[in-house]
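> predicted structure and sequence below. I'll ask about it afterward.
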Amino acid sequence: MEEARRPEEELDKKDTSEHIEVSTDELDQEDIQHVNNPIVGIKPIEKEFLGAVKEVRQENNKFIFTDGSASVEIRVVSDEIIRVRLAPHSVFLEEFSYAVPSLDQKVAVFNFTEDETHYAVSTNTVSCLINKSNFHISFRDNDSKIINEDYLAMHWEENDQFGGYYVYCTKKCYPEEAYFGLGDKPTDLNLRGKRLQNWNSDTYSFAKHQDPLYRSIPFFISLNENIAHGIFLDNTFKTHFDFAQEDNNKLSFWADGGELQYYYIHGPNMMDVVKRYNSLTGTHKLPPIWALGYHQCRWSYYPESKVKDLADNFRKRKIPCDALYLDIDYMDGYRCFTWNKKYFPNPKKMIKELSDDGFKTVVIIDPGIKVDDNYWVFKEGKENKYFCRRSDDYFMEGHVWPGRCQFPDFTNPEVRTWWGGLFKELVEVGVAGVWNDMNEPAVFGKGTFPDDVRHNYDGFRGSHRKAHNVYGMQMVRATYDGLKKIQKNKRPFTITRAGYAGVQRYSSCWTGDNVASWEHLKIGSLQMQRLSMSGLPFAGTDIGGFSGEPTGELFTRWIQLGVFSPFMRAHSAGDTAEREPWSFGQELEDINRKFIELRYKLLPYIYSTFWEHHRYGFPILRPVVMLEQDNPTNRYREDEFTFGDKILVCPVLEEGATSRKVYLPGGGNWFNYWTHEVLEGGTEHVIDAPLDSMPIFVKAGSVIPEYPVMQYTSEFEVEEMMFQIFYSDQEVNSFYFEDHGDTFAYEQDIYMEKKFVVNGDKKSLTITQSIEGLFTPRYETYELKINGLPFKPSKVLIDGKTYAGDLIFDEVKSLVIKTPKHFKQIQVVK
Ligand code: MIG
């Protein structure tokens, strides 16, 4: 369909923001794949189901089954991933996905077999069975165990009377089956019994269980009898999931349009499911290391004197901090890419001064562009037809902070390139990171765009019903790609509020407008765990709560959780009292400092964990159920998690608490991080947790790298690298990663990945080290703190030679030795 063009003058006069929205009930032809099968006449209101399989044909790694009118394609993506697609009229959509950039994965072998009742498409690890008589699809592992099974054949509705086109899949739900994932849902970790939907929404002060929120991640993990698998419904329309809420025996997922297309992702470990999901949708790139420091934000810090004062306070009070944020008030009348010269007369000079003092400056950017012919961004967008239009070709207009606005169509590649280029000046002025807000997209009064807004959708055109959930992702993609081009080899830093599956390739995220309450502290902890297992590991909450006033105690507990938030940023709304780490008196300032310092000590560990995510697809935060999925009580344990695979974090989430119950997963001992007391795994313990402490445990056998406390990440070069080693009588591997911290050189192997193996018995402890990569750190030596030795050491051998230094063995059973950095093996002997 050719777009009809109106004369420009006409368009200018028209303020379409007042238009009545087109009803969502109207069938939108462009969203339907079956254009050559127009619906005629009135059919009874009932769904249509796949019938018996009549025929099958093969095209390479795809098998196409048909019941004579509808078709299903089964595609082998990898040994562990199989994709299912439904075309009710046997016309499949062209391959395109914002979530999955490429389907090129290795498949060892696959084959096709048939018996009386079923067809089977099999790989080394999994078989997809298609029931000949009823077209039910199921997945079976090599032990002939059915893991996932249709309850009903795939079905759809396409009659006008339904007000649209819907596609459905209904599977069996097993009695013990638990469900996890789905992005930022602020609800219980285990999703069994919930009915949830995905439609990106600006949800100021959201409540527990509120749904939907800002993101759409239509991916979940099922865990049943110790076998996990994943389902990723790659559909950008509004999607729905019923995790056995309506019927205890059924799991359903469906979409308000588009193609029924889902990936079955094999386990049987939850960790593998997440890794494989990340292999489809991509991992987060390594962030610049400063992005892992402490960030201070508020709506808003202005004018310049206020920002400088803030910076001075951090340094004067010796509270580490790497980044300060400018919220919307830095702009001239909220026009993106401009400065309010009254508040910030010389931004370049200010940012340089902040940078000399170790602070990066991050600024906010919104999608709404002020309708103003004297504003170059609007003029460029208008001249090039970059803004979204309605179905009747009027511009999509809506009110946001700048007043009357138009909105770039970020689903158009040309618009993304233009938008990315707009950051040139901000980068030249010295801005180090960009925060993308309001990109659900949010519109005052109306919520979001009307359904009939047209989008380019990378050439696969569609209405807002199809593009809504990817709008924010494409905005931050434009931002990321633009920054990357402008900054050359420097890593961009971006944060986004909205997102769709795969957004982790372009951005970190925060959980939006939370509330300063104890309940929200818990919700935040849950959301971060859930985002991490949904492929978005670089997530954080507004520390302290965005709206409302936290008590000092709540703020401090939130800072403590913040140390183990992949993204650590305090933020607050403009109508709240000042909210810096020193806002609650000296005693709490000291505790807050102690914990922010802990973040900086653990930075090399945190950074290594990001590397493990980027390279191997491991989530960063892992709920206990991921460590020990065979223990059924863990399905409901949601108040503790590990950061990486070595540190167990048990945040204090209750007001007035001075201790808390923790569960230490089985399979070895755990060290109390603070006291080095050794505790047994596989059982619960009660741990003291006065306000100046939070229970943290390190897995026996771990090697944890630590930096000396710095006021910001690049304050000085480390002269000697320190590692804490925790004794174990079982073999345990640890990884340590380092590189320049701010470039893409790691993509050319300019990094160093060290692997340590720790193993002990009653008379000795052995530590081996192997090294991969081309990066050479400047320091020459290590300080090793060996903790928890069950014997008094008499001798240390470094690569076979006796260590000449003193062996001082203190009361907490720690031994400190210094070694050259290139050792291969160290033995500590009784
Ligand atoms: O309409 O830019 O979630 O973090 O401070 C509110 C002002 C717009 C919402 C964001 C919040 C930010 C605020 N923004």
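Alright, I've got the coordinates. What you are looking at is a predicted structure, and each value in this text was computed from that prediction instead of being measured.
> when you work out contacts or count neighbours from here on, use the C-alpha atoms and nothing else.
Fine.
> for F823, give its distance to the ligand.
For F823, the distance to the ligand under the criterion Cα to the nearest ligand atom, to the nearest Å works out to 48 Å.
> wait, I meant K792
With the distance defined as Cα to the nearest ligand atom, K792 ends up 54 Å from the ligand.
> what does R461 give?
To the ligand, R461 is 29 Å away according to Cα to the nearest ligand atom.
> hang on, that residue packs against R454?
Yes. Counting by Cα atoms under 8 Å, a contact exists between R461 and R454, whose distance comes to 7.4 Å.
> which non-adjacent residue is nearest A70?
If you skip the residues right next to it in sequence, A70 has P88 as its closest partner in space, 4.2 Å away by Cα to Cα, 6 or more residues apart in numbering.
> so the one you found sits right up against S71, yeah?
Yes. When contacts are counted by Cα under 8 Å, P88 is listed as touching S71 (6.3 Å).
> picking that back up, the residue nearest to A70: neighbour count?
Number of residues near P88 (other Cα atoms under 10 Å) recorded here: 26.
> find me the pLDDT at it, would you?
Taken from the predicted model, the pLDDT recorded for P88 is 96.
> cool, and K47?
So K47 comes in at 85 (pLDDT).
> which residues does the closest residue in space to it that isn't next to it in sequence bridge with?
Counting by Cα to Cα, 6+ apart, K47 lies nearest to E157, which is 5.1 Å off, once chain neighbours are set aside. With DSSP bridges as the criterion, E157 is bridged to Y166.
> contacting residues for E157?
Each residue near E157 by Cα atoms under 8 Å, 6 or more residues apart in numbering is listed here: E46, K47, E48, G164, Y165, Y166, V167.
> who wins on neighbours among those residues?
Each of those was scored by neighbour count (other Cα under 10 Å); the top score is that of V167, with 24 neighbours.
> can you give me the helices in this protein?
For the chain, helices defined by DSSP state H occupy the ranges 8-13, 270-281, 304-317, 347-356, 376-383, 413-421, 424-429, 464-486, 518-533, 552-563, 586-601, 603-616, 624-627.
> now mean pLDDT, mean neighbour count and distance to the ligand too, for the ones you listed, in a markdown table please.
Output for the helices of the chain, formatted as a markdown table (pLDDT from 0 to 100; neighbours: other Cα atoms under 10 Å; distance: least, Cα to the nearest ligand atom, whole Å):
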| stretch | mean pLDDT | mean neighbour count | distance to the ligand |
| --- | --- | --- | --- |
| helix 8-13 | 35 | 10 | 26 |
| helix 270-281 | 98 | 24 | 25 |
| helix 304-317 | 98 | 15 | 16 |
| helix 347-356 | 98 | 17 | 19 |
| helix 376-383 | 98 | 17 | 19 |
| helix 413-421 | 98 | 20 | 19 |
| helix 424-429 | 98 | 16 | 18 |
| helix 464-486 | 98 | 25 | 13 |
| helix 518-533 | 98 | 26 | 14 |
| helix 552-563 | 98 | 24 | 16 |
| helix 586-601 | 98 | 20 | 21 |
| helix 603-616 | 98 | 22 | 24 |
| helix 624-627 | 97 | 22 | 30 |
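> need the ones you listed in CSV (columns: distance to F110).
Supplementary listing: the helices of the chain in CSV, determined by distance: least, Cα to Cα, whole Å:
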stretch, distance to F110
helix 8-13, 56
helix 270-281, 18
helix 304-317, 59
helix 347-356, 56
helix 376-383, 50
helix 413-421, 36
helix 424-429, 49
helix 464-486, 33
helix 518-533, 29
helix 552-563, 46
helix 586-601, 47
helix 603-616, 24
helix 624-627, 29
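> name the nearest residue to the most centrally placed residue in the chain, ignoring sequence neighbours.
When Cα atoms, centre = their mean is applied to the chain, the residue found nearest the centroid is L536 (1.3 Å). Leaving aside its chain neighbours, L536 sits nearest to Q504 (5.4 Å; criterion: Cα to Cα, 6+ apart).
> the one you found reaches H284, doesn't it?
Yes. The pair Q504 and H284 passes the contact test of Cα under 8 Å, sitting 5.0 Å apart.
> between those two, which contacts overlap?
Common neighbours of Q504 and H284 (criterion: Cα under 8 Å, 6+ apart): L536, P537, F538.
> ok, these vs M350, which is closest?
Comparing the shared contacts of Q504 and H284 against M350 with Cα to Cα places F538 closest, at 28.6 Å.
> check the spacing between that closest one and H284 real quick.
From F538 across to H284, the span is 8 Å (Cα to Cα, to the nearest Å).
> of those two, which one has the most company?
Neighbour comparison, F538 and H284: the larger count goes to F538, with 27 against 24 (by other Cα under 10 Å).
> check D15 and give its pLDDT.
Among the per-residue scores, D15 shows a pLDDT of 37.
> likewise Q33?
pLDDT, Q33: 37.
> repeat for K106
pLDDT for K106: 88.
> distance of it from T283?
K106 sits at a distance of 18 Å from T283 (criterion: Cα to Cα).
> with neighbour numbers in mind, choose between those two.
When K106 is set against T283 and neighbours are counted by other Cα under 10 Å, the residue ahead is T283, at 26 against 11.
> what sits against the more buried one?
The contact partners of T283, by Cα under 8 Å, 6+ apart, come to G502, Q504, R505, G535, H613, H614, R615, G617.
> state the distance from it to the ligand.
Computed as Cα to the nearest ligand atom, the T283 to the ligand distance reads 24 Å.
> ok, now A804?
Per Cα to the nearest ligand atom, A804 is found 56 Å from the ligand.
> next one: S71
Computed with Cα to the nearest ligand atom, the distance linking S71 and the ligand is 43 Å.
> where does pLDDT dip in the chain?
Filtered on pLDDT under 70, the chain yields the residue ranges 1-45, 160-162, 811-812.
> close to the ligand: what parts of it are there?
W299, D327, I328, D437, G512, D513, A573 (Cα under 6 Å from any ligand atom).
> so what's the residue nearest to A70 up against?
Each residue near P88 by Cα under 8 Å, 6+ apart is listed here: S69, A70, S71, W156.
> where strands are concerned, which of these count?
The strands in this structure, assigned by DSSP state E, contain S71, W156 from the contacts of P88.
> pull out the buried members of the contacts of P88.
Burial of the contacts of P88 was assessed by neighbour count (16 or more other Cα atoms under 10 Å); the buried members are A70, S71, W156.
> pretty sure the last one sits against Y168.
Yes. Using Cα under 8 Å, W156 is in contact with Y168, at 5.8 Å.
> can you pull the residues that touch both of F538 and H284?
By Cα under 8 Å, 6+ apart, F538 and H284 have these common neighbours: Q504, S507.
> return the distance of stretch 310-318 from the chain's centre.
Centre-to-centre, stretch 310-318 and its host chain are 31 Å apart (Cα atoms, centre = their mean, to the nearest Å).
> ignore the last one, stretch 581-589
The gap between the average C-alpha position of stretch 581-589 and the chain average comes to 31 Å, counting by Cα atoms, centre = their mean.
> go on, stretch 386-400?
Offset of stretch 386-400 from its chain centre (Cα atoms, centre = their mean): 31 Å.
> now do the buried residues in that stretch.
Residues 386-391, 394-400 are the ones in stretch 386-400 that count as buried (16+ other Cα under 10 Å).
> among the contacts of P88, which one lies nearest to the ligand?
In terms of Cα to the nearest ligand atom, no member of these lies closer to the ligand than W156, at 36.7 Å.
> excluding its backbone neighbours, what's nearest that closest one?
Of all residues not flanking W156 in the chain, V167 sits nearest, at 4.4 Å (Cα to Cα, 6+ apart).
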